[in-house]
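*Asks:* prediction below, plus the sequence it came from.
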Amino acid sequence: MNRLSAIVAAVVLLLVIGITFGTFTVKETERALKFRLGEVVRTDFEPGLYFQVPFVNNVRKVDARVQTLDESPQRFLTSEQKNLIVDTFVKWRVEDVEQYYVTVRANPREANLRLSEIVRDGLRAEFGKRTVQEVISGDRAEIMDLLTAAASEAGNSLGVTVLDVRLQRVDLPEGVSESVFNRMVAAREQVARQFRAEGQEEAERIRSAADRRREEILAEARREAEEVRGAADAEATRVYAEAYEADEEFYRFYRSLRAYENTFNDDSDMLVLSPDSEFFRYFDQLDSLTTSP
């Protein structure tokens, strides 16, 4: 009986050992390498349960999720020999797990070190071709695209794919920021003064053009008024001439009445003339005019 128990125990132990060392699972977030006596024999594992020969095969698993390389801030020189403090991070993941094992022994820390060297070299090259203004204002997106492409190409040799390289922060060293800021403020103020001067010049030009146009319009209006007034005077003269020709005596009488009206339009008016003056010719004829049939 003791012998049977020992056999059962041995079988159970062998089953436990076989299950423990003869099976392995691959998760969705993992990539696996299967070795046979130290040689890679398989890498194309889908998520699931697999079997192996204990003590002959062994399995190495790596994390297949997106990894982050968060670089510490570094100093880089621009084309103006100005220092900039640059903080970057890199997103990457394992693509070729066998190449990843061969080059960096499937060690994420080693992969980060290699990628860090690649990104630093790229930053040094790109910043060395640009000024501070270009880096801060306009070329950051271009620099990130170039670095991503360069790091991705270099990462292929490591068996990884570089998804993105980002510049989190690009700053001037302490003590330099204030002076650069003051220079930028002075430059903006100079541009503002130039814009104001150009605006004033344009305003004067518009104002001069408007004044000139106003004078032209007034001159044209005065000319037209003179033409209308001249035409009216000519018409009045023509009417007067026709009236004079129709009845000369009546015309003279009418003109005298108008003269009397204009002369004696106020009680305080006084006029000293001889009674037989031509001005009173129709006064003498008043009785004859009123009594004539």
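*Replies:* Yep, that arrived.
*Asks:* which stretches of the stretch 1-150 of the chain form helices?
*Replies:* Per DSSP state H, counting those that start in this stretch, the stretch 1-150 of the chain has helices spanning 2-22, 97-104, 108-127, 132-133, 140-156. These are given in chain order.
*Asks:* out of those helices, the one nearest Leu167 is which?
*Replies:* Across the helices of the stretch 1-150 of the chain, the minimum distance to Leu167, taken as CB to CB, is reached by helix 140-156, at 5.7 Å. Every C-beta, even on glycine, is put in place using the N, C-alpha and C of the backbone.
*Asks:* can you state the direction angle for that closest one and helix 97-104?
*Replies:* Relative orientation of helix 140-156 versus helix 97-104 (axes from the mean of the first three to the mean of the last three CA atoms, to 10 degrees): 90 degrees.
*Asks:* in the stretch 151-293 of the chain, where is pLDDT below threshold?
*Replies:* The stretch 151-293 of the chain contains residues with pLDDT under 70 at 175-180, 244, 247, 249, 260-293.
*Asks:* thinking again about what came up before, would you reformat the helices of the stretch 1-150 of the chain as a markdown table and include distance to Asp211 and mean neighbour count?
*Replies:* Listed next are those as a markdown table, based on distance: least, CB to CB, whole Å; neighbours: other CB atoms under 10 Å:
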| stretch | distance to Asp211 | mean neighbour count |
| --- | --- | --- |
| helix 2-22 | 101 | 10 |
| helix 97-104 | 80 | 18 |
| helix 108-127 | 56 | 17 |
| helix 132-133 | 43 | 16 |
| helix 140-156 | 50 | 17 |
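*Asks:* nearest to Glu28 among those helices would be which one?
*Replies:* Evaluated over the helices of the stretch 1-150 of the chain, closeness to Glu28 peaks at helix 97-104, with 14.5 Å, by CB to CB.
*Asks:* ok, back up a step: out of the helices of the stretch 1-150 of the chain, which gets the lowest mean score?
*Replies:* Comparing mean pLDDT over the helices of the stretch 1-150 of the chain, the weakest stretch is helix 2-22, at a mean of 70.
*Asks:* put the alpha carbons of stretch 199-206 into CSV.
*Replies:* This file holds the C-alpha atoms of stretch 199-206, laid out as CSV (Å, rounded to 0.1, in the frame of the first residue of the first chain):
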residue,chain,number,x,y,z
GLY,A,199,-0.9,104.0,-40.3
GLN,A,200,-0.4,107.8,-39.8
GLU,A,201,1.1,108.1,-43.2
GLU,A,202,-1.7,106.2,-44.8
ALA,A,203,-4.2,108.4,-42.8
GLU,A,204,-2.6,111.6,-44.1
ARG,A,205,-2.7,110.3,-47.6
ILE,A,206,-6.4,109.3,-47.3
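*Asks:* thinking again about what came up before, quick one: closest of the helices of the stretch 1-150 of the chain to Val191.
*Replies:* Closest approach to Val191 among the helices of the stretch 1-150 of the chain is made by helix 132-133 (13.6 Å; CB to CB).
*Asks:* contacts for that closest one next, please.
*Replies:* Thr78, Glu80, Lys82, Leu84, Leu172, Val180 (CB atoms under 8 Å, 6 or more residues apart in numbering).
*Asks:* distance to Thr88 added to the helices of the stretch 1-150 of the chain, as JSON lines?
*Replies:* As requested, the helices of the stretch 1-150 of the chain are arranged in JSON lines below (distance: least, CB to CB, whole Å):
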{"stretch": "helix 2-22", "distance to Thr88": "44"}
{"stretch": "helix 97-104", "distance to Thr88": "20"}
{"stretch": "helix 108-127", "distance to Thr88": "6"}
{"stretch": "helix 132-133", "distance to Thr88": "17"}
{"stretch": "helix 140-156", "distance to Thr88": "8"}
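*Asks:* among those helices, which is nearest Phe195?
*Replies:* If you check each of those against Phe195 by CB to CB, helix 132-133 wins as the nearest, at 19.5 Å.
*Asks:* tally of neighbours for the closest residue in space to Phe24 that isn't next to it in sequence?
*Replies:* Counting by CB to CB, 6 or more residues apart in numbering, the nearest residue to Phe24 once its immediate chain neighbours are dropped is Val59, at 4.9 Å. Number of residues near Val59 (other CB atoms under 10 Å) recorded here: 16.
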